[in-house]
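Student: here is my input; please provide its structure:
(chains A and B)
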There are 2 protein chains.
Amino acid sequence: MDTDTISKPHERLADLLAGEMGAVNELIRTRMASEHAPRIPEVTAHLVEAGGKRLRPMLTLAAARMFDYPGDHHLRLAATVEFIHTATLLHDDVVDESDKRRGRPTANLLWDNKSSVLVGDYLFSRSFQLMVETGSLRVLDILANASATIAEGEVLQMTAATDLSTNEAIYLQVVRGKTAALFSAATEVGGVIAGASEDQVKALFDYGDALGVAFQIADDLLDYQGDSAATGKNVGDDFRERKLTLPVIKAVAQATPEEHAFWERAIGRGRQEDGDLDHALNLMAKYGTLAATRSDALGWAVRAKASLDVLPDHEIRTLLRDLADYVVSRLN
Amino acid sequence: MDTDTISKPHERLADLLAGEMGAVNELIRTRMASEHAPRIPEVTAHLVEAGGKRLRPMLTLAAARMFDYPGDHHLRLAATVEFIHTATLLHDDVVDESDKRRGRPTANLLWDNKSSVLVGDYLFSRSFQLMVETGSLRVLDILANASATIAEGEVLQMTAATDLSTNEAIYLQVVRGKTAALFSAATEVGGVIAGASEDQVKALFDYGDALGVAFQIADDLLDYQGDSAATGKNVGDDFRERKLTLPVIKAVAQATPEEHAFWERAIGRGRQEDGDLDHALNLMAKYGTLAATRSDALGWAVRAKASLDVLPDHEIRTLLRDLADYVVSRLN
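Tutor: Predicted structure coming up:
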């Protein structure tokens, strides 16, 4: 594939959807306001204006555009999806005790955990109001189910992350919760609101799901082999934070008793010593788990692209295909 | 009024609605389960089975019963309301750093803050699924708005509680958020799902709102004059936790400069010294703010009862009237 074609498809999507994204951003600004509690827009603005890629709301707009949706409910749904995303980031940072996100101090550091918990709740309730305004019970059902999958995945991650019996199936469930559920809901509701057929709605769901899984696996892989200047993360952050991700899960599955004891000490009990990260990387190299993880991510990207086949031949479809290549292109 | 008549009307309500409450409890048990994350039912059961009075779900059932609702969506809505309540309790205890609720250790103490934040999110998403199942957009709209009022009230409380410029209007807004919004949504959706007329739905909202305000003002008053054996709280907890509630707000409004400096030090800056609580109680006595607060609570109870007038003459209506008397009878 031509690397130029796959360079930054999300920027080309952003260009194509610029007018609508402007309207979504305006809606976000209006709805994050609170007449009575100024702390709310302060905290929200810190995150919302931190320059995220707005990938999730763009997926909703893109799906609706592909079916020439003439209304404006897709704007509400795009804002809904971004609010849900922002709410989960606020709660995640409290749960992970993070001090940095997107290179900036987190809200829980700048304000406090209370503000992050309560403003997250507020944004979730605002997203709920926005989706009710669309009047589509089908959309509400999709987003209610996605919310439950997200929350369940977060709880599961909390207990599974340091448990060495966590296998690839559980990992996939966590990934669906933390990433793929909102991606797939974002594409699905865009199609539903635009009146896409059942087959097409299913294809949009499948695309978002596979894209999200590919995206998260790539992210977890880059934690071990990324260029920290490019990713903004330090190599081995997940290891230090005792998060079992796919490259380690694959190594644990093949570990000798001695290696298993190492993983149990470093991840299970968190008693890390100097040189542990290097040893972990050696074990991953021994079993080729970084390469295997990369291959899994590429497989999910292929699946994402394949699900687009039943959708109309449209400029957006080409961009979504490129986007699937792009999320794993960082692994080359 | 006959004290016997007003004794424990919530218990008489519970008797009357026992069959339906059993079904609601079963629904709560089923829906709090999580196939993948056992931490969720553990944490939820700790709270849900702690023996709360289930006042909010009973209000929903009572409203539906008053209109002879023949369906079963009121059961889902009652469970919804209890899940929202439980989710807010979990988050409140994190925000307040509480270690006790209803005389038992809090979830954040037994497990950790993470579990409380994430399980709260999960319960909120489960409540959302339950309400979507009713298929009523009107109900979804009411509950979305109530959720936003609740979350906004919580944020407002966080910033307003130690700010001496907080006046009675702001206090009322906080009270609506922390208590009355869910009471009024509980009664309102019960009427809506049962097909009550607009006037009746409005009356149910007004009743729940006034009952919730009366309830919370009474709670805040009992913090200063209650019998700690009966309330399970120590006198002056709110003072020590620097929470501006109505009795103090009324005293601050009339304070001399010297008294204002005292409130500013003790509540505003939280530099409390021995004897401060006694001094605070003396100032409240000087301006009669406990009596004035009691009178406000009684006024809201009267308002609650008056709003019932347009509702059908029904055994439930009598019980709801008694309930309004009961929530303030603790103040006698």
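Student: okay, now the unreliable bits of the stretch 1-150 of chain A?
Tutor: For the stretch 1-150 of chain A, the stretches flagged by pLDDT under 70 are A:1-7, A:50-51, A:101-103.
Student: quick check: residues of it near chain B?
Tutor: A:34, A:36-40, A:91, A:94-95, A:113-115, A:117-119, A:121-122, A:124-126, A:128-129, A:132, A:135, A:137, A:140-141, A:143-145, A:147-148, A:150 (CB under 8 Å from any CB of the partner chain). Quick note: C-beta positions are derived from backbone N, CA and C, even for glycine.
Student: can I have the buried ones of those as a PyMOL selection?
Tutor: Filtering the residues of the stretch 1-150 of chain A next to chain B down to the buried ones (16 or more other CB atoms under 10 Å in any protein chain shown) takes a single PyMOL command:
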select buried, chain A and resi 34+36+37+39+40+91+94+95+113+114+115+117+118+119+121+122+124+125+126+128+129+132+137+140+141+143+144+145+147+148+150
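Student: any idea how far the nearest residue to A:L246 once chain neighbours are set aside is from chain B?
Tutor: In space, A:L246 comes closest to A:T293 once its chain neighbours are excluded; the distance is 4.8 Å by CB to CB, 6 or more residues apart in numbering or on different chains. A:T293 sits 22 Å away from chain B, going by CB to the nearest CB, to the nearest Å.
Student: strands along chain A, start to end?
Tutor: Taking DSSP state E as the test, the strands found in chain A are A:100-101, A:104-105.
Student: nearest to B:E82, out of those strands?
Tutor: Of all the strands of chain A, strand A:100-101 sits nearest to B:E82, with 34.0 Å by CB to CB.
Student: sorry, back to before: output the strands of chain A as CSV; include the columns distance to A:K250 and mean neighbour count.
Tutor: Listed next are the strands of chain A as CSV, based on distance: least, CB to CB, whole Å; neighbours: other CB atoms under 10 Å in any protein chain shown:
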stretch, distance to A:K250, mean neighbour count
strand A:100-101, 28, 16
strand A:104-105, 33, 13
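Student: quick one: closest of those to B:A45.
Tutor: strand A:100-101 (33.3 Å).
Student: pLDDT value on the closest residue to A:Q157 other than its chain neighbours, please?
Tutor: Nearest in space to A:Q157, with sequence neighbours left out and distances taken as CB to CB, 6+ apart, is A:V174 at 4.5 Å. We have a pLDDT of 94 for A:V174.
Student: give me every residue that touches the residue lying closest to A:A151 once chain neighbours are set aside.
Tutor: Nearest non-adjacent residue to A:A151, counting by CB to CB, 6+ apart: B:Y122, 3.8 Å away. B:Y122 sits next to A:A148, A:A151, A:E152, A:E154, A:V155, B:S34, B:A37, B:I40 when contact means CB atoms under 8 Å, 6 or more residues apart in numbering or on different chains.
Student: between these, which is nearest B:Y69?
Tutor: A:A148 (26.8 Å).
Student: how far away is the closest one from A:S197?
Tutor: 26 Å (CB to CB, to the nearest Å).
Student: cool, A:F183 as well?
Tutor: Distance of A:F183 to A:S197, computed by CB to CB: 21 Å.
Student: give me the more crowded residue out of these two.
Tutor: A:F183 (28 against 11; other CB atoms under 10 Å in any protein chain shown).
Student: what's the pLDDT at the nearest residue to that one once chain neighbours are set aside?
Tutor: Residue nearest to A:F183 in three dimensions, not counting chain neighbours: A:G212, with 3.4 Å by CB to CB, 6+ apart. For A:G212, the model assigns a pLDDT of 98.
Student: my guess is A:G212 meets A:T179, correct?
Tutor: Yes: contact criterion CB atoms under 8 Å: A:G212 and A:T179 qualify, at 4.5 Å.
Student: quick one: which of those two has more around it?
Tutor: Each of A:G212 and A:T179 has its neighbours counted (other CB under 10 Å); A:G212 has more, 28 against 22.
Student: might you report the residue contacts of the more buried one?
Tutor: Taking CB under 8 Å, 6+ apart, one finds A:V175, A:R176, A:T179, A:A180, A:A181, A:L182, A:F183, A:S184 in contact with A:G212.
Student: before we move on, the earlier item: quick one, what contacts the residue nearest to A:L246?
Tutor: For A:T293, counting by CB under 8 Å, 6+ apart, the contacting residues are A:I217, A:D220, A:L221, A:L246, A:P247, A:K250.
Student: and of those, the nearest to chain B?
Tutor: A:L246 (17.6 Å; CB to the nearest CB).
Student: what's the neighbour count on that closest one?
Tutor: Neighbour count for A:L246, taken as other CB under 10 Å: 23.
Student: how about the one 10 residues further on?
Tutor: Residues within reach of A:T256, counting by other CB under 10 Å, total 10.
Student: any idea of the pLDDT on it?
Tutor: 98.
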